[in-house]
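# below are the sequence and a predicted model; questions follow.
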Amino acid sequence: MENFDLNLVTLQYHIQTLRVFIRWCENVGAVDEGVSEKIIVPEVSDSEKARDVHISHERAMQIIDYLCRYEWASTAHIVFHTLYHTGMRRSSLHSLDVGDWHSDEQYLAVRHRPEQGTALKLKSEGDRNVSVTDSRLAEALNDWVKRQRPDVTDDNGRDPLLASKQGRLHYKTISKSATRLLDLVTSLETAPTTET
């Protein structure tokens with residue numbers, strides 16, 4: 001049998017799922033009552049739930065340079081460059097409206113607006129202004145808003161900063177966009193070079 005690495009969070013999830021299944025088995029009489037209570041689910045602290053995977057500065061700059069050259073002010077450019085430069089969570093980026101980009105002062109106003117369809121993990125304690133000190137990102141945000149962003153509103157009548165023709169960009173689209181860029185840089189690094 002091959003060795004495999006299973007982290008504690010994944011183990012906790014799988015055991016909880018097993019316990020739910022055993023409870024179902026108890027309900028239909030397939031196993032004795034009380035078996036599910038004998039299943040011990042490991043406790044996982046908040047620090048163990050946090051991921052410590054990160055991208056190197058060199059790799060991030062490769063991606064940003066690529067975006068600035070070949071995909072200027074595209075959705076992928078705005079997503080990756082903003083996430084990397086500001087360090088904000090995906091939910092914060094998702095929550096931004098066009099009016100939250102203050103181009104003259106160069107900051108993004110992150111606000112908790114659950115009644116309007118966007119919530120922050122830290123709720124109103126997550127409200128803050130995030131400076132954009134990277135001039136390329138500031139210029140890209142301006143070009144995105146003026147030229148690239150689809151002219152749409154979301155289901156709550158708001159003008160999302162990150163938008164597609166359907167409205168506010170979905171969380172999964174934000175993640176896929178960033179992942180695609182990481183894959184692209186990896187493929188460029190491992191591609192054979194051709195001599196001329």
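Good, I have the coordinates. Numbering: from 1, shown residues only.
# could I get the full set of helices for this protein?
Remark: helices assigned in the chain by DSSP state H are 8-27, 46-49, 57-70, 75-86, 90-95, 135-143, 171-190.
# buried set for the first one?
If you call a residue buried by 16 or more other C-beta atoms under 10 Å, then helix 8-27 has these buried ones: 12, 19, 22, 26. To be clear about C-beta, it is placed using only N, CA and C from the backbone, and glycine gets the same treatment.
# what's the closest of the residues you listed to residue 58?
Using C-beta to C-beta, residue 12 comes nearest to residue 58 of those, at 34.6 Å.
# quick one: that closest one and residue 40 touch, right?
No - contact between residue 12 and residue 40 fails when scored by C-beta atoms under 8 Å: they sit 10.6 Å apart.
# for the residue nearest the centre of the chain, what are its contacts?
The centroid of the chain falls nearest to residue 90 when counting by C-alpha atoms, centre = their mean (3.7 Å). Residues in contact with residue 90, defined by C-beta atoms under 8 Å, 6 or more residues apart in numbering, are 83, 171, 174, 175.
# dump the residue contacts of the third one.
Read it as residue 174. Residue 174 makes contacts with 79, 90, 93, 94, 162, as judged by C-beta under 8 Å, 6+ apart.
# what sits against the fourth one?
The contact partners of residue 94, taken as C-beta under 8 Å, 6+ apart, are 118, 162, 168, 169, 171, 174.
# just the buried residues of those residues.
Burial by neighbour count, judged by 16+ other C-beta under 10 Å, picks out 118, 162, 168, 169, 174 from the contacts of residue 94.
# just give me the neighbour total for the closest residue in space to residue 23 that isn't next to it in sequence.
Excluding its sequence neighbours, the residue lying closest to residue 23 (C-beta to C-beta, 6 or more residues apart in numbering) is residue 36, at 4.5 Å. The burial count assigned to residue 36 is 18, neighbours taken as other C-beta atoms under 10 Å.
# my read: residue 36 touches residue 15, true?
No - here residue 36 does not reach residue 15: they are 10.9 Å apart, not a contact under C-beta under 8 Å.
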